[in-house]
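fold the following, please.
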Amino acid sequence: MKLANRISRISVSKTMAVMEAALKLREQGLDVVDFGPGEPDFPTPENIKQAGIRAIEGDFTKYTAIGGIKELKKAIVEKHARDFGSKYDLPECIVNFGGKHALFNVFSSVVDEGEDVVIPTPYWVTFADIARFVNANPVFVHTTESEGFRLTADLLERSLTPRTRMVVVNSPNNPSGAVLDDEEFGRIGKLCRDRDIYLLSDECYSHFLYDGRKPFSIAGHQELKSHVIIAGSVSKTYAMTGWRIGYVLAMPEIVQSCVKLQSHSTSNPTSISQKAALEALSGPQQSVGVMLAEYAKRRKFVVDRLRAIPGVRCAEPGGAFYAYPNISAAFGRGGIRDSVDFSARLLEKAHVAVTPGEAFGTTDHVRISYATSMELLDKGLNRIREFMAGL
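Got it, this is the predicted structure:
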């Protein structure tokens, strides 16, 4: 069967493939510890769920404005201003079906065929495939484990060319948990503005920072606004992954282009979810602190245990809820050649699911999500230690 060329340029998300492989083993009755999912294990807070229920009971189930209801857009720009010092108006905001949809709309609206999109490694799997889908060229900037996988302006500048249209930054980073230094982020923003390049900042994990770090957004540098595009989401911050609400903050021309595309693809985000997101952003925020405190405890547990495994190295994650250990000491042992082999063998023999680093643009690592219980973390890490010892 002949399919469109554009679909052949992308692959099925490798993180989703890990979830499916773990599910198949579970269906066979096996006890699988799954460190693959990138979603909170907490329930959606009760006040948010009740807002969704009230929307249903109030028959708020019809079409809304394509770019989202006015009240939700107002809540987004006001909370972003409070948290980060940004200054956006309602025409500079669009509500989408989650963070992925926000990114897809942005890429489709501002990147032309043949242009370059610069993506630091390790990177979230979807960035590169969306670039390929719009027939752009993903250009990878390789950050180093020894520097905590943090991008710098000097490192970025060496990858810019006259074809560069956009730079994508994800801080805190999925999969490494790396967090850019605030001043360095500002230098990156200034570099992009001076070279007339868009800076797309994925702020999905912006409120999950450790060691007293305060949330930061490059949009707080209002002098860079003309070249900054923010992609945000309520999915991780409020444990609302299935509600599917994201947003874009950008110059009105970019937002209107996203609205145009959305009008012919998804139309408005789900009405019920919009009301729930409105409550998430404008209601009590205690749940965020509760989740962060638990993630901080899990982070220390996971990193300490990984570092205690002979041959395993692990950079300190500064944010998000992932560890990204270097497991290359296993290569050449037990028929393992790379992190793909390691992950497949670990799932087959030890029944622990992790995501191979190849999904994120590196070769020596695997991603471990600690968005799961301490009991499962303990069980899974014991299995990894035993697996490594048995190679």
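
flag the shaky bits of the stretch 1-150 of the chain, pLDDT-wise.
Scanning the stretch 1-150 of the chain for pLDDT under 70 picks out 14-15.

now do the helices in it.
Using DSSP state H, counting those that start in this stretch, the helices found in the stretch 1-150 of the chain span residues 5-8, 14-27, 46-57, 70-84, 98-110, 125-133.

comparing those, which comes out most buried?
Highest mean neighbour count of the helices of the stretch 1-150 of the chain: helix 98-110, a mean of 23 (counted as mean count of other Cβ atoms under 10 Å). Placement of C-beta: from N, CA and C, glycine included.

domain assignment for this structure?
The chain breaks down into these domains under automatic domain parsing: 5-43+287-389, 49-282.

most packed of these?
Among these, domain 49-282 has the highest mean neighbour count (mean count of other Cβ under 10 Å), at a mean of 20.

and that domain, how far apart are its ends?
Taking Cα to Cα, to the nearest Å, domain 49-282 runs 14 Å from one end to the other.

over to stretch 341-349?
Terminal-residue distance, stretch 341-349 (Cα to Cα): 12 Å.

what does it contact?
Identification of contacts with stretch 341-349 by Cβ atoms under 8 Å, 6 or more residues apart in numbering yields 18, 21-22, 25, 32, 327, 330-331, 334-336, 352-356, 366, 383-384, 387.

out of the helices of the stretch 1-150 of the chain, the one nearest residue 248 is which?
In terms of Cβ to Cβ, the element of the helices of the stretch 1-150 of the chain nearest to residue 248 is helix 98-110, at 4.9 Å.

next, give phi and psi for the closest residue to residue 69 other than its chain neighbours.
In this structure, residue 69 finds its nearest non-sequential neighbour in residue 274, 5.4 Å apart by Cβ to Cβ, 6 or more residues apart in numbering. Backbone torsions of residue 274, given as degrees, to the nearest 10, read phi -60, psi -40.

quick check: residue 274 vs residue 80, distance?
17 Å (Cβ to Cβ, to the nearest Å).

so in this protein, which helix runs the longest?
In the chain, taking DSSP state H as the definition, the longest helix is helix 286-307.

what angle do helix 46-57 and it make with each other?
Inter-element angle recorded for helix 286-307 and helix 46-57: 130 degrees (by axes from the mean of the first three to the mean of the last three Cα atoms, to 10 degrees).

who does helix 286-307 touch, helix- and strand-wise?
strand 322-323, helix 374-389 (3 or more Cβ pairs under 8 Å, 6 or more residues apart in numbering; DSSP states H and E).

pipe the ones you listed into CSV and attach distance to residue 89 and mean pLDDT per row.
Converted to CSV, the helices and strands packed on helix 286-307 look like this (distance: least, Cβ to Cβ, whole Å; pLDDT from 0 to 100):
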stretch, distance to residue 89, mean pLDDT
strand 322-323, 35, 98
helix 374-389, 44, 98
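
is it possible to get a markdown table of those that adds distance to residue 93?
Formatted as a markdown table, the helices and strands packed on helix 286-307 follow (distance: least, Cβ to Cβ, whole Å):
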| stretch | distance to residue 93 |
| --- | --- |
| strand 322-323 | 28 |
| helix 374-389 | 38 |
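
so residue 301 makes contact with residue 373?
No: under the criterion of Cβ atoms under 8 Å, residue 301 makes no contact with residue 373, lying 11.1 Å away.

all strands of the stretch 51-200 of the chain, in order?
Counting by DSSP state E, counting those that start in this stretch, residue ranges of the strands within the stretch 51-200 of the chain are 93-96, 116-121, 137-142, 164-170, 198-202.

how close does the nearest residue to residue 258 once chain neighbours are set aside get to residue 256?
Closest residue in space to residue 258, ignoring its immediate chain neighbours: residue 105 at 4.1 Å, by Cβ to Cβ, 6+ apart. According to Cβ to Cβ, residue 105 stands 11 Å off from residue 256.

how about residue 291?
Separation of residue 291 from residue 256 (Cβ to Cβ): 35 Å.

please apply the same query to residue 100.
Taking Cβ to Cβ, one finds residue 100 at 21 Å from residue 256.

picking up where we left off before, could I get the helices of the stretch 1-150 of the chain in TSV, plus columns for distance to residue 346?
Output for the helices of the stretch 1-150 of the chain, formatted as TSV (distance: least, Cβ to Cβ, whole Å):
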stretch	distance to residue 346
helix 5-8	30
helix 14-27	11
helix 46-57	36
helix 70-84	39
helix 98-110	27
helix 125-133	19
